[in-house]
Every structure is written in structure tokens, then in C-alpha cells.
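> Starting from these lines, generate the structure:
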Amino acid sequence: MAEDDLSPAETFDPEPLPPDLDPEEATEPPSCGLPWYMGALGLAMAVMVISPLLISLAVKDANLLHLTLWSAFYIQGLVPIVILITMAVKTPRPFWRQELFLDAPLDTSRLADALRWTLIVVPSILALNAIIYLISKAVGYEPEPHLVLELLSDASLGVRLALVLIAVVLAPLAEELLFRVVLYRSLHHLFGTMTAMIITSFIFASIHLMPAFIVPLFFLGMVLQHRLLRTRSLWVPILIHAGFNGIMVVLALLAAAAS
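From the prediction side, this is the model:
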């Protein structure tokens, strides 16, 4: 990924890598058996599989909308809790901020970085979506619309507010913690930086279960991981993710209103 032109006047140095990528200069937490992020990854994946099953059994007449809403609330709410509890058990308190990429302050430079990359990501992904749509139509394939955007188009006000909450608040917090920290750390532990970035971004794109959006979401995942590693702040990809989702939701609501 191309390097951006960060000003020397900014209050952070984008060159140094995060502690897990520069072990010679960083202070590592003491070893405590299985790395906390691998245990957290297993528990988080279990939550993601079990939650929809339990909800579908508990709510016998659940339609797709209700199942989607409840599953999203439980998954996006429980996954960060499971991850943080696992880290608290396995990692000494002085290393919490380092382990979560929160050891760097969220200053104006990082806020500007998040805003700049949100404005880069949104038109780039819209362009990718347009290209993929045209190619799909040319070969006779009709891409399925994004599930959340489709639900937004004809849902009640309460359902729309719930979906907005999930898309703009819960999803960025949960997914960035799960993918950009836990999954990336687990894969980096096994394969190294670039391979971990690629696999993490591919899984992030694939788990949304929308084949037509895999390429744009993979691109988004690479950008989010890149900004985390460059700024050393988890808040930067969270803000980019929230901004991207928020703009997509607004565009979907405008399209629904126009139709």
C-alpha cells in the first residue's frame, strides 16, 4: 500500500511500527502460555456461531429481520466483552493499552488522519462497487444488495435506528477489536505482517457473506489495518469504519426516500 504524505509537523511519528512488529525496541508483556489474543479469538468465534443459533431457537417465529437484528446486537455486544475479559485474565494490567494499540493518544493528527482516510475510502469503494456492478451485469449476474442497506429501505423507524446504531457504533467497535487486533495479532504471531494483513482483510470481507462486496470490503480491511499499524491507535480504524458505515447508511436512506 502506498505511503501517504504525513507532515513532519504532526505530533506523531508514523514510521515506528507497533510493539508487536518491533520486538527489539518494545517491552513485551511476560509470557503466560497461550497468547491472550489466540484464546480471545477462539471464544469470540464461538460467540459469533452460537448467538444466531440460540436466537433462532428462542424466537420460533423470527423472520430474517428479527434474527439479523438480535444476532447483530448480541454478537457486536458480546464479542468485545469476551475479548477484553480474556485479555484481562491473560495480560498484566500495565500492558493493556499496548496490547490494544491504545498506547498512543487520540490527538488532532490522528483525528485528521481518520477523516482524510474516510474521505479516501468512501469514493474508492463506491467506484469499486460501480465497476463490479457493471462487470456483473455484463456477464449476466445480478449482484444481491447489501442486507443491511436493503433492510433500511423499507423498515420502521425503530428498526432503522437500531440498524444505524449497529452499523455506526457497535460494528466498528466490535469488528476493529476482533479483526484489527485479535485476529491480526494471532495471524502475525504465525505468519508475519503482510500475510497477516491479507488474511485478516480477506476474512473480514468474507464474513459479511456478500460475494459482490468481497473486493471492496477487502480493500477497506487493508486500509483499516494499515492505518492501525501506521498510527498505533485503534481509534483511527474505528473512526474510519464508523464514518464509512455512516455515509453508506445516509446514502441508503436517501436512495430509499427517493424511490
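> quick one: the helices in the stretch 1-150 of the chain?
36-58, 64-90, 96-99, 108-138, 147-153 (DSSP state H, counting those that start in this stretch).
> Could you list the buried residues of the third one?
Neighbour counts using 16 or more other Cβ atoms under 10 Å place 98-99 of helix 96-99 among the buried residues. (Glycine included, C-beta is placed from N, CA and C.)
> mean confidence score for that helix?
What helix 96-99 shows for mean pLDDT is 85.
> If you count contacts, what does that helix end up packed against?
helix 64-90 (3 or more Cβ pairs under 8 Å, 6 or more residues apart in numbering; DSSP states H and E).
> orientation of the helix it packs on relative to helix 36-58 in degrees?
Helix 64-90 and helix 36-58 are oriented at 150 degrees to each other (axes from the mean of the first three to the mean of the last three Cα atoms, to 10 degrees).
> what's Pro172 in contact with, if anything?
238-239, 241-242, 245 (Cβ atoms under 8 Å, 6 or more residues apart in numbering).
> Minimum distance to Thr195: which of the helices of the stretch 1-150 of the chain has it?
Closest to Thr195 of the helices of the stretch 1-150 of the chain, according to Cβ to Cβ: helix 36-58, at 16.2 Å.
> quick one: buried residues of the closest one?
Neighbour-count burial for helix 36-58 [16+ other Cβ under 10 Å]: 36-41, 43-45, 47-48, 51-52, 55.
> How about stretch 157-174?
In stretch 157-174, counting by 16+ other Cβ under 10 Å, buried: 159-160, 162-164, 166-168, 170-174.
> next one: stretch 179-189
179-188.
> and which of those residues is nearest Ser109?
Scanning the buried residues of stretch 179-189 for proximity to Ser109, where the rule is Cβ to Cβ, the winner is Arg180, at 19.3 Å.
> right, and the closest one touches Thr200 too?
Yes - Arg180 is within contact range of Thr200, at 7.3 Å (criterion: Cβ atoms under 8 Å).
> which residues do the two both contact?
Gln225.
> which ones are touching Glu142?
Counted by Cβ under 8 Å, 6+ apart, Glu142 has contacts Ser136.
> Next one: Ser51 from Leu187, what distance?
In this view, Ser51 and Leu187 are 23 Å apart by Cβ to Cβ, to the nearest Å.
> Kindly provide the distance from Ile199 to Pro105.
30 Å.
> the more surrounded of the two?
For Ile199 versus Pro105, neighbours defined as other Cβ atoms under 10 Å are more numerous around Ile199 (17 against 13).
> sorry, back to before: ok, of the buried residues of stretch 157-174, which one's closest to Arg116?
Pro172 (17.2 Å).
> so where's this protein shaky on pLDDT?
Along the chain, segments meeting pLDDT under 70 span 1-34, 56-67, 143-155, 256, 259.
> Can you report how many residues neighbour the closest residue to Leu183 other than its chain neighbours?
Distances taken as Cβ to Cβ, 6 or more residues apart in numbering place Thr200 nearest to Leu183, at 5.1 Å, with adjacent residues excluded. By other Cβ under 10 Å, 26 other residues sit near Thr200.
> check contacts around Thr200.
Counting by Cβ under 8 Å, 6+ apart, the residues that Thr200 touches are 179-180, 183-184, 187, 221, 225.
> quick one: stretch 233-249 to chain centroid distance?
Taking Cα atoms, centre = their mean, to the nearest Å, one finds the center of stretch 233-249 at 8 Å from the center of the full chain.
> Kindly export that stretch (C-alpha atoms) in PDB.
This file holds the C-alpha atoms of stretch 233-249, laid out as PDB (Å, rounded to 0.1, in the frame of the first residue of the first chain):
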ATOM      1  CA  SER A 233      -4.100   3.900  17.600                       C
ATOM      2  CA  LEU A 234      -7.100   1.600  17.500                       C
ATOM      3  CA  TRP A 235      -9.300   4.700  17.500                       C
ATOM      4  CA  VAL A 236      -8.200   5.600  13.900                       C
ATOM      5  CA  PRO A 237      -9.600   2.500  12.200                       C
ATOM      6  CA  ILE A 238     -12.700   2.600  14.400                       C
ATOM      7  CA  LEU A 239     -13.400   6.200  13.300                       C
ATOM      8  CA  ILE A 240     -12.800   5.400   9.600                       C
ATOM      9  CA  HIS A 241     -15.000   2.400   9.900                       C
ATOM     10  CA  ALA A 242     -17.800   4.300  11.600                       C
ATOM     11  CA  GLY A 243     -17.500   7.200   9.100                       C
ATOM     12  CA  PHE A 244     -17.700   4.800   6.200                       C
ATOM     13  CA  ASN A 245     -20.700   2.900   7.600                       C
ATOM     14  CA  GLY A 246     -22.400   6.200   8.500                       C
ATOM     15  CA  ILE A 247     -22.000   7.600   5.000                       C
ATOM     16  CA  MET A 248     -23.300   4.300   3.400                       C
ATOM     17  CA  VAL A 249     -26.300   4.400   5.700                       C
END
